[in-house]
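Engineer: structure for this input, please:
(one chain, ligands or ions: 1)
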Amino acid sequence: MACMTHVLDPDALPDDGRALMAPLPPYDDVTRSDSAFRAFLHGLPGVDQVGAESRVAMLGTRSIKTTSKAWAIDTAISMVDLTTLEGADTPGKVRSLAAKARRPDPGDPACPHVAAVCVYGDLAGVAREALGDSGIHVAAVATAFPSGRASRAVKIADVQDAVANGADEIDMVIDRGAFLSGRYLDVYEEIVAVKEACGDAHLKVILETGELVTLDNVRRASWIAMLAGGDFIKTSTGKVNPAATLPVSLVMLEAVRDFRAATGRQIGFKPAGGIRTTKDAIKHLVLINETVGADWLDPDWFRFGASSLLNDLLLQRQKLRTGHYSGPDYVTVD
Ligand SMILES: O=C[C@H](O)COP(=O)(O)O
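Structural biologist: I've put the predicted structure just below:
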């Protein structure tokens, strides 16, 4: 992953922990108090929900040529965080997922590998070992995923454990209870603390947009996560419906676009949960291209969090190459 600039300037840190929370200019002042932060977040432009829905509906009707489709499928494969997040996960399941991540189509060496394997923290070591020097990242969910209901100390220990086990990407959940009761600074401070605990691991901040009620809240939570130093903002855990809807993705993409324009710092975006078809993936690629541009069309800056999307991408890829769908044993159905 390309080097990302940390939002904090370590040389500027006085002794008290609060200084750890100074975001980049021109926003260095907005977290000085609860009321200042609330005023900033509620002063962000309101989201036109009807406009967002009609824009994504319009983009969803775009057709793409067969040659572009082949490119889009391979690009989407290279952006998948291949995920298993079940209580019944075993080391064997993670090893077989890692094998699939490395060689999604064992019959075609030209098929790209995925971006990352995403697991619970206790299985990060198994994934790390199985992925070896493939260049595939190990992402671990942490901070009492998916509810986020635990003390901060427990969440930090969860992150440290996942990193010690070999995760180089941490997918944290925000405290939605704090967010929805207006305690924005608490949400912010927790992300800052988790980022510190990540060390060199990159941090994806899951907003769980299906619980945030409005698109205005999605915009506010995106800004909290970006100001706090998240490397990526991510829609959902995959455990709550609705998850990665296109209007939500549009709002979050606008947030990363506006944040880069204001601060010069680029933040990645990861829609996750409920993205199962090649059609859904291509709609997202069109949305990126139209909203933030080609700078984000790269696995360093865009990921799909998905457990079964890869299977459909492989089926459609095979269909493009051979003109027909392969038998049911061509992809593992999981
Ligand atoms: O982060 C990824 C999600 O947990 C996967 O959700 P999904 O099973 O709906 O693809």
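Engineer: and the strands in the stretch 1-150 of the chain?
Structural biologist: For the stretch 1-150 of the chain, the strands defined by DSSP state E, counting those that start in this stretch cover 80-83, 116-120, 137-142.
Engineer: what strands flank the shortest one, and is each parallel or antiparallel?
Structural biologist: Strand 80-83 has the following sheet partners, assigned by DSSP bridges: strand 116-120 (parallel), strand 304-306 (parallel).
Engineer: thinking again about what came up before, now the strands of the stretch 1-150 of the chain as JSON lines including mean pLDDT and distance to the ligand?
Structural biologist: All C-beta spots, glycine's among them, are computed from the backbone N, C-alpha and C. Output for the strands of the stretch 1-150 of the chain, formatted as JSON lines (pLDDT from 0 to 100; distance: least, CB to the nearest ligand atom, whole Å):
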{"stretch": "strand 80-83", "mean pLDDT": "98", "distance to the ligand": "4"}
{"stretch": "strand 116-120", "mean pLDDT": "98", "distance to the ligand": "6"}
{"stretch": "strand 137-142", "mean pLDDT": "98", "distance to the ligand": "8"}
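Engineer: now those in a markdown table, with mean neighbour count?
Structural biologist: As requested, the strands of the stretch 1-150 of the chain are exported to a markdown table (neighbours: other CB atoms under 10 Å):
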| stretch | mean neighbour count |
| --- | --- |
| strand 80-83 | 26 |
| strand 116-120 | 28 |
| strand 137-142 | 28 |
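Engineer: what does the biggest helix by length in the chain contact?
Structural biologist: Longest helix of the chain, by residue count under DSSP state H: helix 246-263. With CB atoms under 8 Å, 6 or more residues apart in numbering as the test, helix 246-263 has contacts from 24-27, 47, 49, 52-53, 55-56, 59-60, 207, 209, 215, 218-219, 222-223, 226, 233, 235, 242, 265-269, 271, 283-284, 287-288, 291-292, 296.
Engineer: and the residue of the stretch 151-300 of the chain nearest the ligand?
Structural biologist: Residue nearest to the ligand within the stretch 151-300 of the chain: G238 (2.3 Å; CB to the nearest ligand atom).
Engineer: pull out the buried positions in stretch 260-278.
Structural biologist: Neighbour counts over stretch 260-278 (16 or more other CB atoms under 10 Å) mark 260, 263, 265-275, 278 as buried.
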